[in-house]
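Colleague: this is a predicted model, with the sequence first.
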Amino acid sequence: MTKRVGVVTHDEMKKHCTFHEHPERPERIESIMKELAAQELLQKCISLPCREATTEELTFIHSVEYVTRVDESVAICKELEDGESHYLDPADKDCFLNEFTARAARLATGGLIDLVEKVMNDELDSGMAIIRPPGHHAEENKCMGFCFFNSVAVAAKVIQQKFNLQKVMIVDWDVHHGNGTQHLLENDNSILYFSVHRHDNGNFYPIGNSGSPEQIGKGLGAGFSVNVGWPRDGMGDAEYLSCFYNIVLPIAHQFEPDLILVSAGFDCALGDPLGHCNVTEEAFGHLTQLVLSCQKRGKVVLALEGGYNLHSLSKSCAQCISVLLGAPPSSLHSLPKVLMEGCPEDKPLTVSSQQKYKLADPALDAVKTMLATISAHKEHWVLEHEESVLNELAVKLKPLEEVKQKELKKAQRKKEKALRRLTRWEMQFRR
Ligand SMILES: [Zn+2]
C-alpha cells in the first residue's frame, strides 16, 4: 500500500543566495524537485504549504538576541551595494546572507515543524522537508557552516512539547558532525542524537573534538549523544550499512523513540565535492528503510541538510522518498540481492540478519571507529553482541589490511625509484 508521504518546500528558499560561487546554492532544491517529478514520485506525495517559524518556536533553542540579529540582517542587506556581502560573523565567510536569508531560514524551520506535526497527528505516515539553508551546524547564538536556524533541533523541541513525547531520536547522516544539534541537546536524555560523519581525527569540518566518539552527552544526557567519526574520506555503503546495523539499530531498539527525525545530508554521497565519500544513491534508500524499522509506526521525517553534487543529491533524495512511499530499496551494487529481499517493511532487519545476509565487509579503520563508539557507550547501551561481531571482523580484516599496506608501500617504493632514475637522467641530459 502506498504510504501518505508529505513533502514540504518553498520557492522563496531559492532566493537565499550569493553572487560568489558557493556549493550551498538554490539549484540544490531545484534539482531535487525536478528529479522527484521526473521519477513521478512527487505526484504520489502530498505537497504541504510552508510557513515561517515563529520567534517563539525558534527561541526554544536559539537566543532572542541571535534571532533578532538574523532578522535585522534583512534591512542591512537591502542597503548593500551590488557585489557587497553581509555576514553575521565577519570571520565566518561560509554563512553568506542576503535580504531573503532570514525568511528562507524561517520557512525552512516552519515547514519542517508543520510536516512533523502532521506525521504525529497521523495525517501523514512520514515525510521529507526539501529545505535550505541547512541547520545542523547552527548553535544557540551562532550561524555556522551555511546554517542559520537549527531546524531539526527546533522541530524536535517544539513537537516534543506539543505532543508530550517522551523520546525523540535524531539520526544525522550528513558527512559533517552536527555540532549545533549536539550542543543544543547534549544535556537532554529525552532526545537521542546519533551522528555518523567524517572526523579525520579532528581535521574535518567542524575542526576539533566535535563529533569524537568520547563525546557521549553531558549530565543527565550522558549516553544520548552517539558519535561515529570516520578517520578519513572514502567511506561507502559497506561502512554506513555496518554502522546502522551495529550501532543505530540496536540503540534505537533499546531507546524506542516515539519519533525519528533525520538530518539527511547527502554530502557523504558518491561524487560530493565536499564529502569525498562513496555512499551510493541506492544505499540511501536502504538507510531510510533501516531508520523506518527503528520506529514501530514508521514515524520518520527527513530534513535536507548538506549535499552539493546535484546529480547524487537529487537521485539519493528520490531513493529516500521512494522508500518512504513503500517501495523496496533498490538493489545495491556491492551487496548480494538477498539483502534487499530480506527487508520486508513489517520485519526490520536485525544484527542476526546481517550475519545471515553477509554484508560486504567494511574497511578495518571503519570497524575500529565503530568499536571506539561502542566502547564509549558501554555503560549506556547493551552492544556486547555487536562488539564481538566487529572484533571478529577486525581480526579477519587485519591480515588483508597488512597485505594491502605492503602492496601500497611497494608501489610507493617503485614510484620513488622511477622518480630517482628520471632525475638522474635529467641531470645527465643537462650536462
Ligand atoms: Zn554537511
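Modeller: Yep, that arrived. Numbers count the residues shown, from 1 in each chain.
Colleague: quick one: list the elements packing against the helix ranked longest in the chain.
Modeller: Ordering each helix of the chain by length in residues (DSSP state H) puts helix 384-430 first. Here helix 384-430 touches helix 351-357, helix 364-376, going by 3 or more Cβ pairs under 8 Å, 6 or more residues apart in numbering; DSSP states H and E. C-beta here means a position set from N, CA and C on the backbone, and glycine is covered the same way.
Colleague: mean pLDDT for those: which is lowest?
Modeller: Lowest mean pLDDT of the helices and strands packed on helix 384-430: helix 351-357, a mean of 43.
Colleague: average pLDDT across stretch 292-310?
Modeller: 96.
Colleague: what's the end-to-end length of that stretch?
Modeller: 25 Å (Cα to Cα, to the nearest Å).
Colleague: same deal with stretch 76-86?
Modeller: 8 Å.
Colleague: how far does that stretch sit from its chain's centre?
Modeller: 32 Å (Cα atoms, centre = their mean, to the nearest Å).
Colleague: tally of neighbours for residue 212?
Modeller: Neighbour count of residue 212, defined by other Cβ atoms under 10 Å: 17.
Colleague: I misspoke; the intended subject was residue 100.
Modeller: As a burial measure, residue 100 scores 17 neighbours (other Cβ under 10 Å).
Colleague: for it, report the pLDDT, please.
Modeller: 90.
Colleague: residues contacting the closest residue to the ion within the stretch 201-350 of the chain?
Modeller: Nearest residue of the stretch 201-350 of the chain to the ion: residue 306, at 2.9 Å (Cβ to the ion). For residue 306, the contacting residues are 24, 134, 146, 174, 175, 176, 265, 266, 267, 274, 275, by Cβ atoms under 8 Å, 6 or more residues apart in numbering.
Colleague: quick one: the residues you listed as TSV, columns for distance to residue 224 too.
Modeller: Converted to TSV, the contacts of residue 306 look like this (distance: Cβ to Cβ, whole Å):
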residue	distance to residue 224
24	29
134	23
146	26
174	19
175	22
176	20
265	21
266	26
267	25
274	28
275	26
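Colleague: let's test this: mean pLDDT of the longest helix of the chain, rounded?
Modeller: 87.
Colleague: shift numbering so it begins at 175
Modeller: I'll keep to 175 as the first residue from here, and by that count the last item is helix 558-604.
Colleague: does residue 316 really touch residue 268, like I thought?
Modeller: No - Residue 316 is beyond contact range of residue 268, at 11.6 Å (criterion: Cβ atoms under 8 Å).
Colleague: these two: who's more crowded?
Modeller: Neighbour count, other Cβ under 10 Å: between residue 316 and residue 268, residue 316 has more, with 20 against 16.
Colleague: list the contacts for that one?
Modeller: Here residue 316 is in contact with 240, 262, 263 (Cβ under 8 Å, 6+ apart).
Colleague: look up how far the ion lies from it.
Modeller: 17 Å (Cβ to the ion, to the nearest Å).
Colleague: next, give phi and psi for that residue.
Modeller: Residue 316 has phi and psi values of phi -150, psi 130 when expressed as degrees, to the nearest 10.
Colleague: and what of the one 3 residues further on?
Modeller: Backbone dihedrals for residue 319, given as degrees, to the nearest 10, come out at phi 50, psi 50.
Colleague: give me the subset of the contacts of residue 480 that also touch the ion.
Modeller: 348, 350, 439, 441 (Cβ under 5 Å from the ion).
Colleague: give me the helices and strands touching the biggest strand by length in the chain, please.
Modeller: Using DSSP state E, we find that the single longest strand of the chain is strand 365-372. Judged by 3+ Cβ pairs under 8 Å, 6+ apart, strand 365-372 is in contact with helix 325-337, strand 342-346, helix 353-359, strand 399-404, helix 423-429.
Colleague: Provide a list of residues in contact with the residue nearest to residue 320 when sequence neighbours are not counted.
Modeller: Closest residue in space to residue 320, ignoring its immediate chain neighbours: residue 198 at 4.2 Å, by Cβ to Cβ, 6 or more residues apart in numbering. By Cβ under 8 Å, 6+ apart, the contact list for residue 198 reads 306, 307, 308, 320, 480, 482.
Colleague: for the residue of the stretch 275-424 of the chain found nearest the ion, give me phi and psi.
Modeller: Nearest residue of the stretch 275-424 of the chain to the ion: residue 350, at 3.6 Å (Cβ to the ion). With angles defined as degrees, to the nearest 10, residue 350 sits at phi -100, psi 150.
Colleague: what about the contacts of residue 316, which are in helices?
Modeller: residue 240.
Colleague: using CSV, lay out the contacts of residue 316 together with neighbour count.
Modeller: Listed next are those as CSV, based on neighbours: other Cβ atoms under 10 Å:
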residue, neighbour count
240, 21
262, 20
263, 12
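Colleague: now distance to residue 461 and pLDDT too, for the contacts of residue 316, in a markdown table please.
Modeller: Compiled in a markdown table, the contacts of residue 316 are given as follows (distance: Cβ to Cβ, whole Å; pLDDT from 0 to 100):
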| residue | distance to residue 461 | pLDDT |
| --- | --- | --- |
| 240 | 32 | 96 |
| 262 | 33 | 86 |
| 263 | 33 | 83 |
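Colleague: residues of this structure that sit close to the ion?
Modeller: 348, 350, 439, 441, 480.
Colleague: relative to the ion, how far out is the nearest residue to residue 496 once chain neighbours are set aside?
Modeller: Of all residues not flanking residue 496 in the chain, residue 215 sits nearest, at 5.9 Å (Cβ to Cβ, 6+ apart). According to Cβ to the ion, residue 215 and the ion sit 24 Å apart.
Colleague: I'd guessed residue 215 sits against residue 497; true?
Modeller: No - at 10.5 Å, residue 215 does not count as touching residue 497 under the criterion of Cβ under 8 Å.
Colleague: which one's more surrounded, these two?
Modeller: Counted by other Cβ under 10 Å, residue 215 and residue 497 do not tie: residue 497 has more neighbours, with 27 against 21.
Colleague: which helix or strand contains that one?
Modeller: helix 484-498 (DSSP states H and E).
Colleague: report the buried residues of that helix.
Modeller: 484, 486-498 (16 or more other Cβ atoms under 10 Å).
Colleague: output those in CSV; the columns should cover distance to residue 506.
Modeller: Listed next are these as CSV, based on distance: Cβ to Cβ, whole Å:
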residue, distance to residue 506
484, 22
486, 15
487, 19
488, 19
489, 14
490, 13
491, 17
492, 16
493, 11
494, 15
495, 18
496, 14
497, 13
498, 18
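Colleague: please pull out the lowest mean pLDDT helix or strand from this structure.
Modeller: Here the helix or strand of the chain ranked lowest by mean pLDDT, DSSP states H and E is helix 512-515, holding a mean of 40.
Colleague: fine by me, we can end here.
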